[in-house]
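1. Here is the input, now give the coordinates:
(one chain, ligands or ions: 2)
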Amino acid sequence: MSQPFTISLDSLQPVGFDAMKQAATSGGCSSSSCGSSAKPEDMDESTWERIKDHPCYSEEAHHYFARMHVAVAPACNIQCNYCNRKYDCANESRPGVVSEKLTPDEAKRKVIAVANEVPQLSVLGIAGPGDACYDWKKTQATFSEISREIPDINLCISTNGLALPDHVDELAEMNVDHVTITINMVDPEIGAKIYPWIFFRHKRRTGVEAAKILHERQMLGLEMLTARGILTKINSVMIPGVNDEHLIEVNRWVKERGAFLHNVMPLISDPAHGTHYGLTGQRGPTAMELKALQDKLEGGAKLMRHCRQCRADAVGLLGEDRGQEFTLDQLPESMVYDPSKREAYREIVAEERGDHVRAKEKAIAAVKENSADGHSILVAVATKGGGRINGHFGHASEFQVYEASAKGVEFVGHRKIDAYCMGGFGEDATLDATIAALEGVTHVLCSKIGNCPRDMLMAAGIEATDAYAYEYAETAISALYAEATADKDEAKAAA
Ligand code: CLF
Ligand code: SF4
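-> Ligands and ions are numbered 1, 2, ... in the order given. All right, here's what the predicted structure looks like:
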């Protein structure tokens, strides 16, 4: 058993780490494996160092590390058809929610409070509402103040790219190492269907002219960031019938210009949000349409599939939001940064990650071995973090989805749902919606599930089990895959 688990988990109370505690007390971490690197084989050490604690740039890191956003830059220089300015910037966060807007000083207070309380915190992002590069003075003041106070926090921004080329050098000087640009098109004719206007060089421009300027500025910004060695992620909003097939072209362009990651996100469109698309009936893609496009993009720029389209004031692991615990009215006027919880947590995570990597490698090899007939299964996992099956079915507000196939076991996305169990009772209507959200999924893994939802899922063709509670997701999925292979072999022999 590895020591750091037992000494510090209780005092840290990290969200979702009951499973680690379980592993520690059951000898789950073998000392021979501790310290193994989670670095992907095809990545160099220096790149890995820069992404290994960033929950958005590394799928593996998102099981352990958290981001927080501060909404300090509300002004914007373009109009996207999926955005209503009353709400947050929909390029990086869910439309339809309003974040608490902060001054740079208020942002500093909030970041210190979160850093002292949330040990998983590794990244500070500015991701709306508005554009971080257009509302530059506030972005700059916030980053410089906070990095002085908390020097080991990663700084991250998201931008529509129009004002980006004007600030690339300053971003490099401030050590901002992760920049997201939202790029929805490389063809201005398509761009004109997404952007009604932009504001550039003191003038409002519309139509194809506007989209052409935006496209050229986005490409220039990306090339400038690449030239300075800054890691870039491209967000694209998938809009069925407008740019869905075109995103294959976008992926090719951004790969050629050095983008590190491409994140294709589904359009969220609802008349209640008051956006142009919402009001004109433009639909978003289904989960399976999104997956099909992402599968087509494999082999191009590396894909991010674990984005949660989080709020512009989100706090916590991706998929959870602890922002309401840290609203300004709850914070003391002055605070001193105390790094002790974050430091202790990092020690624990270094141990746990090594163990996870070895378990994952073993599971992937076993799946590949069992995949002679090329079948695949799609498995939804209820988790509270740590890459383990530690979420109760009734309490889950999302499932992480993995695919097991001849390629091994891969994280392929997530499905958001409403929690089934409210106040001790399950809602049948909620379960129907959950079953619909699990389209294509063959199995559900969770730490606990009642007979009633289990039977209803089974009737819908989805096998749900808590038999693998607290295992790593990949280990359990490999066991399910072996069972499915054995069943197929048996059926073949009987035929
Ligand atoms: Fe925030 Fe964006 Fe930085 Fe991440 S989010 S600024 S890169 S720290 Fe992440 Fe949230 Fe998706 Fe954004 S899950 S919406 S990709
Ligand atoms: Fe809205 Fe963001 Fe687009 Fe500006 S860049 S219009 S804030 S989605």
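2. From now on I want contacts and neighbour counts done on CA atoms only, so please keep to that.
-> Fine.
3. Pick out the residue closest to the middle of this structure.
-> In the chain, the residue lying closest to the centroid (C-alpha atoms, centre = their mean) is C307, at 2.8 Å.
4. Low-confidence ranges, this structure, go.
-> 1-38, 87-89, 91-98, 422-426 (pLDDT under 70).
5. tell me which parts of it are close to ligand 1?
-> Remark: the part of the chain in contact with ligand 1 comprises 56, 67, 92-93, 123, 125-127, 156-158, 307-310, 318, using C-alpha under 6 Å from any ligand atom.
6. Out of those, the closest to ligand 2 would be?
-> Using C-alpha to the nearest ligand atom, the shortest approach to ligand 2 within these belongs to E92, at 7.4 Å.
7. Could you tell me how far stretch 263-276 lies from the centre of the chain?
-> The gap between the average C-alpha position of stretch 263-276 and the chain average comes to 18 Å, counting by C-alpha atoms, centre = their mean, to the nearest Å.
8. what ranges do the strands span in the stretch 251-400 of the chain?
-> In the stretch 251-400 of the chain, the strands defined using DSSP state E, counting those that start in this stretch lie at 261-266, 303-304, 315-317, 377-381, 398-405.
9. I misspoke; the intended subject was the stretch 101-250 of the chain.
-> Under DSSP E, counting those that start in this stretch, the stretch 101-250 of the chain gives strands at 121-126, 154-159, 178-182, 197-200, 203-206, 231-238.
10. Which one of those strands lies nearest to E361?
-> E361 lies closest, by C-alpha to C-alpha, to one member of the strands of the stretch 101-250 of the chain: strand 121-126, at 25.8 Å.
11. Can you list the strands that that closest one pairs with?
-> Partners of strand 121-126 in the sheet, by DSSP bridges, are strand 66-69 (parallel), strand 154-159 (parallel).
12. ranking the ones you listed by burial, who's on top?
-> Neighbour counts averaged per stretch over these are highest for strand 66-69, at a mean of 27; criterion: mean count of other C-alpha atoms under 10 Å.
13. List the contacts of that one.
-> With contacts defined as C-alpha atoms under 8 Å, 6 or more residues apart in numbering, strand 66-69 is touched by 54-55, 111, 120-127, 311-318.
14. Run a quick neighbour tally on the closest residue to A460 other than its chain neighbours.
-> Distances taken as C-alpha to C-alpha, 6 or more residues apart in numbering put I435 closest to A460, at 7.3 Å, once the chain neighbours are dropped. Number of residues near I435 (other C-alpha atoms under 10 Å) recorded here: 18.
15. Do I have it right that I435 meets A459?
-> No: at 10.3 Å, I435 and A459 do not qualify as touching, with contact defined as C-alpha atoms under 8 Å.
16. thinking again about what came up before, out of the strands of the stretch 101-250 of the chain, nearest to E189?
-> Of all the strands of the stretch 101-250 of the chain, strand 203-206 sits nearest to E189, with 11.7 Å by C-alpha to C-alpha.
17. name the helices or strands packed onto that closest one?
-> Contact here means 3 or more C-alpha pairs under 8 Å, 6 or more residues apart in numbering; DSSP states H and E; on that basis strand 203-206 packs against strand 197-200.
18. Sheet-wise, list the partners of the strand it packs on with their directions.
-> Looking at strand 197-200 with DSSP bridges, its paired strands and their directions are strand 78-79 (antiparallel), strand 203-206 (antiparallel).
19. hmm, back to that, distance of the residue nearest to A460 from A380?
-> I435 sits 11 Å away from A380 when distances are taken as C-alpha to C-alpha, to the nearest Å.
20. Also D53?
-> Between D53 and A380 the distance is 24 Å, computed by C-alpha to C-alpha.
21. repeat for A113
-> As it turns out, when the distance is counted by C-alpha to C-alpha, A113 lies 34 Å from A380.
22. give the contact list for whatever residue of the stretch 251-400 of the chain ends up closest to ligand 2.
-> For the stretch 251-400 of the chain, the residue closest to ligand 2 is T275, as judged by C-alpha to the nearest ligand atom, at 9.7 Å. With contacts defined as C-alpha under 8 Å, 6+ apart, the neighbours of T275 are 81-84, 269.
23. now, which of these lie close to ligand 2?
-> The overlap between the contacts of T275 and the neighbours of ligand 2 (C-alpha under 6 Å from any ligand atom) comes to C83.
24. out of the contacts of T275, what pair is the most spread apart?
-> Maximum pairwise distance in these, criterion C-alpha to C-alpha, is 10.9 Å, between N84 and S269.
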